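# Below is the structure, and that's it, no one-letter string:
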């Protein structure tokens, strides 16, 4: 993929570029594929190689037995292969080594690209899945080109002990089930991935009413174990199934105690074939999002091993098979995830074949087919934000709009918290760095507001430490000023903040006080550099991952989580320092990581995560009427959370986000018009790479999205401007 750079004016944005080019050519003596190799084997100059994504938790530690790393490897400016003709082959190879274990290997190279005039910096994205041992794992990533140039970066990933035992989530047949067919198998669904070697006929047992063991075989797939008896069960007999403590998860934790349940057989074998109960999209559905995944439920449990791309098919209007992945999820629902977005305004046919069997071995009686039509292409246009001079990739950062610029600050880059930022001017598509002199310490999951002439950042966390500090940035002077900590709220992350016109109100979040969700906050006045408390009387229950929306006179808090997801909220009026409740009647279902916007008269809640699945529903709250009204689901975007939601004056525009269940990131979004209670899609042509945990804001004419974790699971420093 090529990323063209267009020079615009010789301004402060291009001065740095010119200096950078001079350094490049000075360092390589004018370039050329035959230059001598770089003498310093650890040199990282001019981009060389970076780690931009990691599956490790904050603090670069994880209890997993593996870590997934990804990043960018840029070729030396002395090697011109990718831009001299092939265009898709950088000539760079990237390898990894866990120097702690002595194990090494090649990375997966997922994409190649050239950028900076299509000549100077050429590279590719790489990915690696690396086994870990307990304790420190020193991992080195090395990039080389055919000229012998070499770049290297080293990181330490700490594997912490996973001491959480697995549990049995569900069984089929369920406990106390009766009239089970004598030819039936049974399944056990675990809470996490298990060590397949420990899931066998020696650890999953079946006994009849005489306590005699029943012989059988056990298979394991996708957290589900299936016990198949070697011969038919006895009719009208009670059976006891047991999962012993010898089953272990992939980190070696055993089931805490044996899990036992009973069921009884009927008088005869089960000869009733399974039936498809429902599908999503439904048969005949129109306006289906192009990023849809197909789902199907059955009248009875089916065997996980019989669900594959050979038994769950998707074909387009020309009868061509659509590539994808098919599997049975942990809830017994069939999933088909296409490899790429579907075409707009096109008809598709889903098929579930007779190769699908239930636990008694009964096949679907006949192939089940259904059709649906995708939505029309969205209106509006996308334009990429400049990569040149952009800040380093990041997620969980903040962004504010000043009226002329977007200011990005803080966030997470791989496992590193950041204390820097940059200002983006969409008129010239250019970036300029934000001064770090006097800036707050690096942090992620903090809050930021724009006061009209300054940006205030506060709270967040760094390497597992919660923060109760912040700073005030003045773009006119490119300078920072400290904030008073007297009377400030306790240290926290994932709080919310709104600007009232004179004060910043911070509320809720997850904090260091008992390491739990919080239900308090405070108001900060930058004119007096002082904090004042918020009355706790009548406040909503403590929570984090909620939303706070400013109406012009009050702050509306809604949703979030305090363990379970919440469907409650409250109204805080600063003029009276008082709270009142938002009614539950008609409110959306409980959720967190949703979006909330203010239209001028209503708060619209949409999407989010309910603790089990992503949502594509929402509702509108009118404070004047103190009532809720549902948002139409017709033609709504795919269910998601961690997305962007903004108000453009007439519509709510949503973009990006994650699906949750399958780790899929969305790019296509939606536009909701409350006046007509209708949806339309946003275009996919020219849009940024799908992502979540990004920032998004409205400039008055464009939606700008930037950063986040993209579909390669790496932090991004790319973005796009969408003009409706």
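On my side now, so go ahead. Owing to the predicted nature of the structure, the values given are computational and were not obtained by experimental measurement.

# gap between residue 453 and residue 434?
From residue 453 across to residue 434, the span is 15 Å (Cβ to Cβ, to the nearest Å). From N, CA and C alone the C-beta is placed, and that goes for glycine too.

# ditto for residue 613
To residue 434, residue 613 is 38 Å away according to Cβ to Cβ.

# do residue 503 as well
Per Cβ to Cβ, residue 503 is found 24 Å from residue 434.

# Same question for residue 216.
65 Å.

# cool, and residue 554?
Residue 554 is 32 Å from residue 434, by Cβ to Cβ.

# can you check residue 169 too?
For residue 169 relative to residue 434 (Cβ to Cβ), the value is 47 Å.

# can you check residue 357 too?
Distance from residue 357 to residue 434, by Cβ to Cβ: 60 Å.

# Return the distance of the closest residue in space to residue 280 that isn't next to it in sequence relative to residue 524.
Nearest residue to residue 280, sequence neighbours excluded (Cβ to Cβ, 6 or more residues apart in numbering): residue 295, at 4.3 Å. Separation of residue 295 from residue 524 (Cβ to Cβ): 46 Å.

# Who has more neighbours out of those two?
Higher neighbour count among residue 295 and residue 524: residue 524, with 25 against 17, using other Cβ atoms under 10 Å.

# Helix or strand for the more buried one, just tell me which one.
Element membership for residue 524, per DSSP states H and E: strand 521-525.

# Okay, and the beta partners of the spatially closest residue to residue 618 that is not a sequence neighbour?
Nearest residue to residue 618, sequence neighbours excluded (Cβ to Cβ, 6+ apart): residue 606, at 3.3 Å. Beta-bridge pairing for residue 606 (DSSP bridges): residue 595, residue 618.

# burial measure for residue 606, as a count.
Neighbour count for residue 606, taken as other Cβ under 10 Å: 26.

# and if you look at residue 224?
24.

# ok, it to residue 185 distance?
Residue 224 is 11 Å from residue 185, by Cβ to Cβ.

# do residue 98 as well
40 Å.

# Looking only at neighbour counts, state which of these two leads.
It is residue 185, of residue 98 and residue 185, that has more neighbours when counted by other Cβ under 10 Å, with 24 against 20.

# Can you pull out the low-pLDDT segments for the chain?
For the chain, applying pLDDT under 70 flags the ranges 1-50, 52-53, 57-59, 74-91, 108-125, 146-148, 512-515, 660-663, 712-714.

# Verify the contact between residue 412 and residue 418 for me.
Yes. Here residue 412 reaches residue 418: they are 7.0 Å apart, a contact under Cβ atoms under 8 Å.

# which residues are common contacts for these two?
Residues within reach of residue 412 and of residue 418 at once, by Cβ atoms under 8 Å, 6 or more residues apart in numbering, are 394, 397, 444.

# the more surrounded of residue 613 and residue 434?
Per other Cβ under 10 Å, whichever of residue 613 and residue 434 has more neighbours is residue 434, with 20 against 12.

# That one and residue 644: what is the separation?
Remark: distance between residue 434 and residue 644 (Cβ to Cβ) = 22 Å.

# Please apply the same query to residue 431.
For residue 431, the distance to residue 644 - Cβ to Cβ - is 20 Å.

# can you check residue 460 too?
The gap separating residue 460 from residue 644 is 19 Å, by Cβ to Cβ.

# Between these two, point out the one with more neighbours.
Ranked by neighbour count (other Cβ under 10 Å), residue 460 and residue 644 place residue 460 first, with 33 against 24.

# Hmm, the more buried one is touching residue 441, no?
No. Contact criterion Cβ under 8 Å: residue 460 and residue 441 do not qualify, at 9.3 Å.

# so who does residue 433 touch?
Contacts of residue 433 (Cβ under 8 Å, 6+ apart): 389, 391, 420-423.

# Show me what it bridges to in the sheet.
With DSSP bridges as the criterion, residue 433 is bridged to residue 422.

# and if you look at residue 97?
With DSSP bridges as the rule, residue 97 is bridged to residue 104, residue 140.

# Can you give me the distance of it to residue 73?
Remark: distance between residue 97 and residue 73 (Cβ to Cβ) = 15 Å.

# cool, residue 179 as well?
From residue 179 to residue 73 the distance is 61 Å (Cβ to Cβ).

# Then residue 310?
Residue 310 is 37 Å from residue 73, where distance means Cβ to Cβ.

# Comparing the two, which shows the higher neighbour count?
Using other Cβ under 10 Å, the more surrounded residue of residue 310 and residue 73 is residue 73, with 27 against 10.

# The more buried one in helix, strand or coil?
Following DSSP: H, G, I helix; E, B strand; the rest coil, residue 73 is assigned to strand.

# Please name the nearest non-neighbouring residue to it.
Among residues not flanking residue 73 along the chain, residue 143 sits closest, at 4.1 Å (Cβ to Cβ, 6+ apart).

# I'd like to know how many residues surround that neighbour.
Counted with other Cβ under 10 Å, the neighbours of residue 143 add up to 28.

# and it, that's in a strand?
Yes. Counting by three-state DSSP, residue 143 is found in a strand.

# Could you measure from it over to residue 691?
Here the criterion is Cβ to Cβ. By it, residue 143 lies 24 Å from residue 691.

# got it, and residue 344?
Residue 344 is 21 Å from residue 691, by Cβ to Cβ.

# just residue 321 next, same as before
Distance of residue 321 to residue 691, given as Cβ to Cβ: 28 Å.

# what's the nearest residue to residue 251 once chain neighbours are set aside sitting at in phi/psi?
Spatial nearest neighbour of residue 251, chain neighbours left out: residue 162 (3.9 Å); criterion: Cβ to Cβ, 6+ apart. Dihedral angles of residue 162 (phi, psi; degrees, to the nearest 10) stand at phi -90, psi 110.
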